[in-house]
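> 3D model of this:
(2 chains)
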There are 2 protein chains.
Amino acid sequence: MDDVVKTAPRLTVSRRQRSTTYTPRIESLGVSDYSIVNRTILPKGFGRSVEDDYWHLREHVQLWDVSCQRQVEIKGKDATRLVQMMTPRDLRDAMVGQCLYAPLIDQNAGMINDPIILKLSEDHFWLSIADADVSLWAEGLATGFGLDVEIDEPDVSPLAVQGPKSDDLMAKVFGEAVRKIRFFRFEKLNFNGHPLVVARSGYSKQGGFEIYLDDSSLGLDLWDALWHAGAELNVQAGSPNLIERIEGGLLSYGNDMTRDNNPLECGLERYCQLDDSIDYIGKDALLQIKKQGPGRQIRGILFDGERCPPCATPWPILADDKIIGQITSAIWSLRFKSNVALGMVERGYWNTGQQVSVQSSDGLTRNGSVVSLPFCEVTSLDAR
Amino acid sequence: MDDVVKTAPRLTVSRRQRSTTYTPRIESLGVSDYSIVNRTILPKGFGRSVEDDYWHLREHVQLWDVSCQRQVEIKGKDATRLVQMMTPRDLRDAMVGQCLYAPLIDQNAGMINDPIILKLSEDHFWLSIADADVSLWAEGLATGFGLDVEIDEPDVSPLAVQGPKSDDLMAKVFGEAVRKIRFFRFEKLNFNGHPLVVARSGYSKQGGFEIYLDDSSLGLDLWDALWHAGAELNVQAGSPNLIERIEGGLLSYGNDMTRDNNPLECGLERYCQLDDSIDYIGKDALLQIKKQGPGRQIRGILFDGERCPPCATPWPILADDKIIGQITSAIWSLRFKSNVALGMVERGYWNTGQQVSVQSSDGLTRNGSVVSLPFCEVTSLDAR
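Numbers count the residues shown, from 1 in each chain, chains lettered A, B, ... in the order given. Below is the predicted model:
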């Protein structure tokens, strides 16, 4: 146990931790914390508290440098075949202009990633990925199966505009047309004469857009245009917010799910086609899991006590004097006046209201209970 | 330009940035800097200067937590076939007990990684990887080609013992037999009754070992045994040292080479079988590059002026008023009384003694010259 709040180690600078087209602005705004996703820096803090950032995100509008959401570009004659091979989500009805949240699985139905798939044309996709080299998986499959595809990591630097004032800010820069973009759809809108993919999406439940800037030479101009237009809207630089995403039940690949988990454990069955109409890698394994039912599933956990420390390694969840799950993301929520967390809970213990105890890394045992996700009201996830 | 030394941002804590079996000791020793490799923390500093660490490494012995060197385990009937498919290095004569440095390449001969391959038995390999999800590449190939292999990331946490007193320290813990291990060979030696793979290898030119601990529950015991035995040898916690590795010409995947480079550009031709005796992915492309000769190649660069800043993005190298290469790793060397760097230099400009100028990120233009690698005397690299 350690009551002293230690200063987190600094992140070493090297080419391998890639900076982004927006980094100069992020640095001049006083970035204080970084995470690394896909070997790219993700700004995570600007010297304010996570709570201050949370309230701001719920009330105003933020710019997030999410260039770390790298695109795996798959195009060519066999592109649709390869992408369908990689996901249990049925892509037969996917439309050009659609964003599709999709679990990617391996032969054992283990989660390889959970990207948003953007269908750019009938034979051209971007997989906007979480943290893993999905391109290597795709290229291995393409090589082994002899598919006629081109796989690349294009020069695309997503910039997220998130928060309730996102429509107002985006309209100032991209025009009123942006307001008509539907949830999880994208349009090409002009910026400085350059058509950019603009999607109504993002890693929060506060509404907003992701701009898929495909020419990094325009990065500072794009940032500055949004920044200046946003002055009267109280725009700030921000980042995916841990309180907000846990309350919203947004999963983080590598934190709340890994290769050791399957989509049914992750609550992603709605994105899995489980009949015989399509084929994909891992289908047999997934059908078997469906037949038996998953042995554990992601849930929300509320637990008492003081503010919990950051969850750097999974924390045991106990009931009936045994470990019945683990917590993988946790933080204090002022709204719930409680710690809020995501974790995998064993069957038999995952019903709402189940009383549990949590052993956090500060050595405390805290009383808690299982809740369904998301903590906040669901309006958007179902529309995916 | 910015004369102020800014504090580097802190690294955000999460499960996704995996801690290691040795992390408690690293933290209690006051780790100040982290890098992230394979989604695992790599301790990079302990509050001392890189130069202090450099001189200590050259004179004494250090323990490095290099658990981030994850192992891609490939075993089964088709294991040899798959591993050979992935590398141009001829594995036909590889022996059990051998460590083989090996470029891995894609269909265009682009570098996917440069692991050390450990041959554990005739159908069982570990690929001790640099920063990239090689397992996804291997699994994609295995799935596509229908190979009979098991691919996994086992519970292996390499601990490096590096520096001229390494033999003395290792002998105290593992017995005198350790002194007889040849360079790039491994033996299984007992620790607390548990046989561990111990290799004479490591990411420095100062000599030493890598212990492939395959039971993380023994991590703290192993660290403590080496730490206590090393007290009279002036043991310290350390890390791969930027000055030492540049002087030694040791390449860093993701820094000095990427998917955009082929093994011939990286000076790795000695590890490539270019006749018709074996097949591997990317062979046609590699033979074509060999025929034409690489257009650029890795070189050392010495350049003047004050201490250069960290190289976070490639710096242009100029000659004849044009860009003829880029620097990817650089630091001040007290031994050479100069900045030392690694970079790719175009054909026609890569001869030793070529005068160049370097545009470092602090806005300065510095005079320099091309040198062959390594800066220090080569004794070990050729023996690989």
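
> in chain A, which helix or strand is least confident?
One helix or strand of chain A scores below all others by mean pLDDT, DSSP states H and E: strand A:10-11, with a mean of 88.

> just checking, what packs against that one?
If you count contacts as 3 or more C-beta pairs under 8 Å, 6 or more residues apart in numbering or on different chains; DSSP states H and E, strand A:10-11 packs onto strand B:10-11, strand B:33-37. Every residue, glycine included, has its C-beta placed from N, CA and C.

> show me the contacts for the residue in the stretch 151-300 of chain A that chain B sits nearest to.
Using C-beta to the nearest C-beta, the single residue of the stretch 151-300 of chain A nearest to chain B is residue A:254, 3.6 Å away. Residues in contact with residue A:254 (C-beta atoms under 8 Å, 6 or more residues apart in numbering or on different chains) are A:130-132, B:14-16, B:39.

> let's see that with 10 Å instead.
Residues near residue A:254 by C-beta atoms under 10 Å, 6 or more residues apart in numbering or on different chains: A:37, A:111, A:113, A:130-132, A:328, B:14-18, B:39.

> so which of the residues you listed sit within strands?
Counting by DSSP state E, the part of those found in strands is A:37, A:111, A:113, A:328.

> near chain B, list only the ones from those.
A:37, A:113, A:328 (C-beta under 10 Å from any C-beta of the partner chain).

> can you put the residues you listed in CSV and add distance to residue B:120?
As requested, those are arranged in CSV below (distance: C-beta to C-beta, whole Å):
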residue, distance to residue B:120
A:37, 33
A:113, 30
A:328, 32
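
> next, format those residues as a markdown table and append distance to residue A:181, neighbour count and pLDDT.
A markdown table is the format used below for these (distance: C-beta to C-beta, whole Å; neighbours: other C-beta atoms under 10 Å in any protein chain shown; pLDDT from 0 to 100):
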| residue | distance to residue A:181 | neighbour count | pLDDT |
| --- | --- | --- | --- |
| A:37 | 25 | 25 | 97 |
| A:113 | 25 | 24 | 98 |
| A:328 | 33 | 24 | 97 |
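
> tell me which of these is nearest to residue B:8?
Set against residue B:8, the nearest of these by C-beta to C-beta is residue A:37 (17.7 Å).

> can you pull the contacts of the spatially closest residue to that closest one that is not a sequence neighbour?
The shortest distance from residue A:37 to any residue other than its chain neighbours is 3.7 Å, reached at residue A:68 (C-beta to C-beta, 6 or more residues apart in numbering or on different chains). Residue A:68 makes contact with A:18, A:20, A:35-43, A:129-131, A:157-158, according to C-beta under 10 Å, 6+ apart.

> mind running it again at 8 Å?
Residue A:68 sits next to A:20, A:36-38, A:40-42, A:131 when contact means C-beta under 8 Å, 6+ apart.

> how much space separates it from chain B?
Going from residue A:68 to chain B by C-beta to the nearest C-beta, to the nearest Å gives 12 Å.

> likewise residue A:138?
Residue A:138 sits 7 Å away from chain B, going by C-beta to the nearest C-beta.

> the strands in the stretch 1-150 of chain A, which residues?
A:10-11, A:33-37, A:40-45, A:62-65, A:71-75, A:99-101, A:104-105, A:111-113, A:116-121, A:124-128, A:150-152 (DSSP state E, counting those that start in this stretch).

> rank these by pLDDT, which is bottom?
Lowest mean pLDDT within the strands of the stretch 1-150 of chain A: strand A:10-11, a mean of 88.
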